[in-house]
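# model this:
(one chain, ligands or ions: 1)
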Amino acid sequence: MTTHPLRQWLTQRGWTQRQLAALLGVSESLVSRWLRGHRSPTAEQLAMLVDAGADVVRIAVDARSDAEAAIEIARRVPSANLCIDLQENYRLAELLAPHVAKLRYNPGHLHHHEREKPWREKVRFLAEQALAGDCAMRIGVNCGSVDPAKVADYEKGDSISPMLDSALEHAAWLDELGFTRYVVSLKDSDPLKVIEANRRFAEARPDVPLHLGVTEAGLPPDGVIKTRVAFEQLLSRGIGDTVRVSLTVPNPRKGEELEAARSIIDDVRHGRTRSVVHYDRSGLNIISCPSCSRVENEAFVELAEEVREMTRYAAEHAITIAVMGCRVNGPGETDDADLGLWCAPSYVNLKRGEESLGAYPYDEIIPRLREELDALIATRG
Ligand code: SF4
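Below is the predicted model:
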């Protein structure tokens, strides 16, 4: 998606949507509508992905204006099977379900709004909307946003069991509701965790289709390699029904995700999997998100590339650096990395583990990251 001129203008001047809304005396959602009024690039990108062979295309929506834009996009590109990522606003399902092929919800996000309402009621609402709208659903469990109640039930170092528990619980509840048209995904940025989580789920519920993906796999070729590690182990065991390769590449190059997916599937089909029998986690690991509609500064992809270039000297060190595109998931999804960057419209936040080290302009962050990386290497010897 190209950046809307108004968003560029806001970003360059350090304005937020909220500030502009206050100045103009209009609602924030109206500003959001203006920003998203430039809809055709999304439809064009969608058509490009369909042409590249995407069977399902996922779009994230946060607000009613996003949902209306998604419906318009579904109308403009009827050949696309749209999967809508409901993010935190699960009630938008009512509007969207009749127009799209699938709704995706994240069990962890259901706790962010209407906290007093039990999650089972929210899922019941989603299932009713999906039934009424004749669409499918995905229970999308993600390592960075697991249901907090599940996390509390397990040891701190065990990140797989809470994901698994959450996915199994939601699947059982949909079964109880009589809603059977659903698929489950369990994603992590670590391919070995993706393998374990999906193997354990498939053992417990071999009847439920699985959508596979390594989230925040990062820039190619590393992102493709990480994904290949996971997919080879799973697909070769008959686990996995749909796949997504998530790469940090500019939007016009998103077709590369499809090419990578096809090539991995083809290799597995023909037994060409011997090249990846061991995943070496002893060196530098850079994870970065694939970007989505929440990216507020498209310099993010360039930044991820600069991080990779600058950090090449540290290739031998077992350090994880996370680069995330937005302020919604960025703060949480960088917690487990040794060093983390998450992008706001006009500055980049730097973290060491869970500790914040401050916010820096885009043109100052790389030397600052280098300082922290050097310090970390010196500490670890
Ligand atoms: S971290 Fe990246 S992929 Fe995840 S919501 Fe933010 S911009 Fe989108």
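
# now the strands: where do they sit in this protein?
Taking DSSP state E, the strands of the chain run over residues 57-60, 82-85, 102-105, 136-142, 182-187, 210-214, 242-245, 285-288, 320-324, 339-343, 347-352, 355-361.

# Find me the pLDDT at Val31, would you?
Val31 carries a pLDDT score of 60 in this model.

# Which of the strands of the chain sits closest to the ligand?
Closest approach to the ligand among these (CB to the nearest ligand atom): strand 320-324, 4.2 Å. The C-beta positions use only the backbone N, C-alpha and C, and glycine is treated the same way.

# and the closest one, anywhere near the ligand?
Yes: using CB under 6 Å from any ligand atom, we find that strand 320-324 touches the ligand at Met324.

# Quick one: find the helix or strand in this protein with the lowest mean pLDDT.
Using mean pLDDT, DSSP states H and E, helix 28-36 stands out as the lowest-scoring helix or strand of the chain, at a mean of 59.

# Close to the ligand: what parts of the stretch 251-381 of the chain are there?
By the rule CB under 6 Å from any ligand atom, the part of the stretch 251-381 of the chain lying against the ligand is 289-292, 294-295, 324-326, 328-330, 333.

# These into CSV, with extra columns for pLDDT and neighbour count?
Shown next, in CSV, are these (pLDDT from 0 to 100; neighbours: other CB atoms under 10 Å):
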residue, pLDDT, neighbour count
Cys289, 89, 27
Pro290, 86, 21
Ser291, 84, 23
Cys292, 81, 17
Arg294, 80, 17
Val295, 83, 20
Met324, 93, 29
Gly325, 91, 27
Cys326, 89, 21
Val328, 82, 18
Asn329, 83, 21
Gly330, 89, 24
Glu333, 84, 24
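
# Nearest to Pro78 among these?
Nearest to Pro78 out of those is Cys292 (CB to CB; 22.5 Å).

# pretty sure that closest one is touching Gly325, no?
Yes: taking CB atoms under 8 Å as the definition, Cys292 is a contact partner of Gly325 at 7.3 Å.

# Helices of the stretch 151-300 of the chain, residue ranges please.
For the stretch 151-300 of the chain, the helices defined by DSSP state H, counting those that start in this stretch cover 160-177, 191-204, 222-235, 255-269, 299-310.

# From the chain's centroid, how far away is the first one?
In this case it means helix 160-177. Helix 160-177 sits 20 Å away from the centroid of its parent chain (CA atoms, centre = their mean, to the nearest Å).

# Give the other helices and strands that it contacts.
helix 119-133, strand 136-142, helix 148-152, strand 182-187, helix 191-204 (3 or more CB pairs under 8 Å, 6 or more residues apart in numbering; DSSP states H and E).
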